[in-house]
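K.L.:
Need the 3D shape of this:
(one chain, ligands or ions: 2)
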Amino acid sequence: MNILTPLKSAVFAVLICIAFNACAQRANPNIVIIYVDDLGYGDIGVNGAIGVETPHIDKLASNGLNFTDAHCSASTCTPSRYSLLTGSYAFRRKAHILEGDAPLIIDPNMGTLPKMLQKAGYNTGIVGKWHLGLGNGKIDWNKKIPLGPEEVGFDYSFLIPATGDRVPCVFVENQEVVNLDPNDPITVSYGTRIEGYPWGFQHPELLKQHTDPYHQGAVINGISRIGYMKGGKEALWVDEEIPFVLSDKATAYIDENKDNPFFLYFSLHDIHQPRIANIKFVESSTMGPRGDVIAQMDWCVGQISKALEKQGLLENTLMIFTSDNGPILDDGYLDYARELVGDHKPGGVYRGSKYSAYEAGTRMPTIVHWPKEVKAGTSSALLSQVDLYASLASLVNQKIAKDDGVDSKNFIDAWLGKSSKGREFLLEEAYTYGLRMGNWKYIMPKDKPVPNWIVQKFVDPGFHPEPQLFNLDEDPSESKNMADENPEVVAKMEAELKSILEK
Ligand code: NG6
Ligand code: CA
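P.N.:
Numbering: from 1, shown residues only. Ligands and ions are numbered 1, 2, ... in the order given. All right, here's what the predicted structure looks like:
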């Protein structure tokens, strides 16, 4: 017998062993994105919240990586969600805030984050707010809806179709209205008033909260909404129960998928208006309903951690906790958020809010929690959610086709705290554009009057006839325009913005 044969077999066995271990170590993690609605940078305990406690989120931060300069791609919801799922800026699709009966705005032929994860062997689920449109024209809510999360890459979906303040106020599971009675069909209308649920402007006595004129359509559960609706009585959600319904669906999804890698996009209704906390959370803050729903949202986050822990999955699940746009105190419902805010700073030290091109519009509370791979700490890397598509693709070894995710770049090392290097330039979409270059912040001039509906919200969208330039190192709250002193910085940033917009 050749003396080398046993040696060769031993070496071979060792090599197989090493390869096997490497593969086993690289087992793809579960991925959970917890996407809060309208939560500001300063709205969580770990980032300085006053008057409300967020123990579950703070725990994620103390065991994970807390980002100080991570951004959603826009200061409103539909555009940010579009970018998160497609890796492409919303302006390329002219995506803006959608009504509740708008068609799907994601092209079903496009590559998406969930489709990429499906290819990598993941089961994919969305629970919560969608707000990316459904169907391919006028929706018939009484039939299976032809285009939606399934065509975008989700194996399972349980949705609030648009927003809590828009009709229809029903859940949609796998593209069918939940609990629909065929003898009580649903009709929805935006624009033209239809008889059905009473109208808020005619029946203020029915309301739990008064509203501005934009939210005085159908009154459902004592809350008037945008749009009109008829039928579907059995299917109506109860606002006070939404956090429990969504948390139950999300944790059931985790339980059902515990044996295979899964991607859960848990997209909370909180803390969007109408801010109607469950009695369990009423007066749990000093800030009235807005603070109470922050506490309620924190409880939902705790439910997810608990479900993962119960299944022994918390160690190897990559959880990303963040929000879709900056905070707003008065978005149309009279819940006294402005009066009760006290010393709390929803946007932290940053200027602006939802709808604004200033930093608080897009700088989001952002925590990455993955005990198996990510060391606890903080990171000041400049990151955008538009990059999660390419970054997660790199994590799970998937390639993205050339025409997909055109704005998405791979920053997985920064997202996992292995590098502090984020983007060189970062676009902030609003009603004008913001651009970051390191700690410079540029805002594109817009010489137009601020629309009335924005003025009424006490929001400064950042319109200015001249370019604005801020040095965030010295002036994080964007108070001193440095454009005149730094023409070469302005020129460089204008050229970069032009190239993004014209790409
Ligand atoms: C605005 C609505 C506001 C809210 C927002 C969407 C008016 C005046 N205001 O247009 O109530 O629904 O859209 O919020 O209609 S978001 O977080 O989904 O972007
Ligand atoms: Ca939002």
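K.L.:
From the rest of the structure, what touches stretch 384-396?
P.N.:
Stretch 384-396 is contacted from outside by 28-29, 31, 33, 70-73, 80, 83-89, 112-113, 116-117, 120, 122, 318, 320, 322, 364, 399-400, 405, 407-412, 415-416, 423, 426-427, using Cβ atoms under 8 Å, 6 or more residues apart in numbering. Using the backbone N, CA and C atoms, a C-beta is placed for each residue, glycine as well.
K.L.:
how about that stretch as CSV, C-alpha atoms only?
P.N.:
Extracted in CSV, the C-alpha atoms of stretch 384-396 (Å, rounded to 0.1, in the frame of the first residue of the first chain):
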residue,chain,number,x,y,z
SER,A,384,-28.5,55.5,3.5
GLN,A,385,-31.3,52.9,3.5
VAL,A,386,-31.2,52.9,-0.2
ASP,A,387,-28.0,50.8,0.2
LEU,A,388,-29.6,48.0,2.2
TYR,A,389,-30.5,46.2,-1.0
ALA,A,390,-26.9,46.0,-2.3
SER,A,391,-25.4,45.6,1.2
LEU,A,392,-27.6,42.7,2.2
ALA,A,393,-27.1,41.1,-1.3
SER,A,394,-23.4,41.1,-0.6
LEU,A,395,-24.0,39.6,2.9
VAL,A,396,-25.9,36.6,1.4
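K.L.:
Could you report the pLDDT at the closest residue to ligand 1 within the stretch 201-350 of the chain?
P.N.:
Closest residue of the stretch 201-350 of the chain to ligand 1, Cβ to the nearest ligand atom: Tyr214 (3.6 Å). At Tyr214 the predicted local distance difference test score is 96.
K.L.:
Give the buried subset of the contacts of stretch 384-396 as a PyMOL selection command.
P.N.:
Here the buried members of those are turned into a PyMOL selection, burial being counted by 16 or more other Cβ atoms under 10 Å:
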select buried, resi 28+29+31+33+70+71+72+73+80+83+84+85+86+87+88+89+112+113+116+117+120+122+318+320+322+364+400+405+407+408+409+410+411+412+415+416+423+426+427
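K.L.:
where along the stretch 251-400 of the chain do the helices fall?
P.N.:
Taking DSSP state H, counting those that start in this stretch, the helices of the stretch 251-400 of the chain run over residues 289-310, 337-340, 388-395.
K.L.:
Skip the chain neighbours and tell me the closest residue to the residue of the stretch 201-350 of the chain closest to ligand 1.
P.N.:
In space, not counting the residues next to it along the chain, Tyr214 is nearest to Gly332; the distance is 5.7 Å by Cβ to Cβ, 6 or more residues apart in numbering.
K.L.:
Neighbours of the one you found, how many?
P.N.:
Burial measure for Gly332: 21 neighbouring residues, criterion other Cβ atoms under 10 Å.
K.L.:
Can you pull the residues of the stretch 251-400 of the chain lying near ligand 2?
P.N.:
If contacts are counted using Cβ under 5 Å from the ion, the residues of the stretch 251-400 of the chain sitting beside ligand 2 are 324-325.
K.L.:
can you give me the strands in the stretch 251-400 of the chain?
P.N.:
For the stretch 251-400 of the chain, the strands defined by DSSP state E, counting those that start in this stretch cover 262-267, 317-323, 366-369, 377-379, 383-384.
K.L.:
In TSV, list those along with mean pLDDT.
P.N.:
Converted to TSV, the strands of the stretch 251-400 of the chain look like this (pLDDT from 0 to 100):
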stretch	mean pLDDT
strand 262-267	98
strand 317-323	98
strand 366-369	99
strand 377-379	98
strand 383-384	98
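K.L.:
how about those strands, which one is nearest Val167?
P.N.:
Across the strands of the stretch 251-400 of the chain, Val167 has its closest neighbour in strand 262-267 (18.8 Å, Cβ to Cβ).
K.L.:
Could you export the strands of the stretch 251-400 of the chain as a markdown table, including distance to Leu392?
P.N.:
What follows is the strands of the stretch 251-400 of the chain, written out as a markdown table (distance: least, Cβ to Cβ, whole Å):
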| stretch | distance to Leu392 |
| --- | --- |
| strand 262-267 | 9 |
| strand 317-323 | 8 |
| strand 366-369 | 11 |
| strand 377-379 | 17 |
| strand 383-384 | 13 |
